[in-house]
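Novice: Structure for the following, please:
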Amino acid sequence: MENSEVPEFTNFILAGHSFGGYLIGFYSLKYFKHIKKLLFLSPIGLRPKEREEEECSDYELELKFKSMQDHPSWFIELARYTWKNQISPFGVNRFLCLS
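Specialist: Coordinates of the predicted model:
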């Protein structure tokens, strides 16, 4: 299939769980015109809103999310290791007999 034959998806709902939630956040910042709605399912990197926190505008929320792009070095190394060795959270649970 050539690039000209690849369909362009638009106006869709995008969901992500855990690290997938983190990834769809970055994806949505770059390709926001193609996404109808986002569904974050227990994403890493985002914390629940505190009771005394005020509502953020979309612009303020985008600035907060962009400021989280600098990852600690331990996180980058852990992500590389787990990706290279095909380790998932479910695999860890199976290994530890937790599931």
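Novice: Only C-alpha atoms from now on, for both contacts and neighbour counts.
Specialist: OK.
Novice: Tell me the secondary structure at the spatially most central residue of the chain.
Specialist: Note on the chain: the residue nearest the mean C-alpha position is residue 22, at 1.7 Å, using Cα atoms, centre = their mean. Judged by DSSP: H, G, I helix; E, B strand; the rest coil, the three-state class of residue 22 is helix.
Novice: and the gap between it and residue 16?
Specialist: Going from residue 22 to residue 16 by Cα to Cα, to the nearest Å gives 7 Å.
Novice: what do these two both touch?
Specialist: By Cα atoms under 8 Å, 6 or more residues apart in numbering, residue 22 and residue 16 have these common neighbours: residue 43.
Novice: Tell me how far the worst-scoring helix or strand of the chain on mean pLDDT lies from the chain's centre.
Specialist: In the chain, no helix or strand scores lower on mean pLDDT, DSSP states H and E than helix 89-95, which sits at a mean of 71. Taking Cα atoms, centre = their mean, to the nearest Å, one finds the center of helix 89-95 at 20 Å from the center of the full chain.
Novice: cool, stretch 92-99 as well?
Specialist: The answer for stretch 92-99 is 24 Å, by Cα atoms, centre = their mean.
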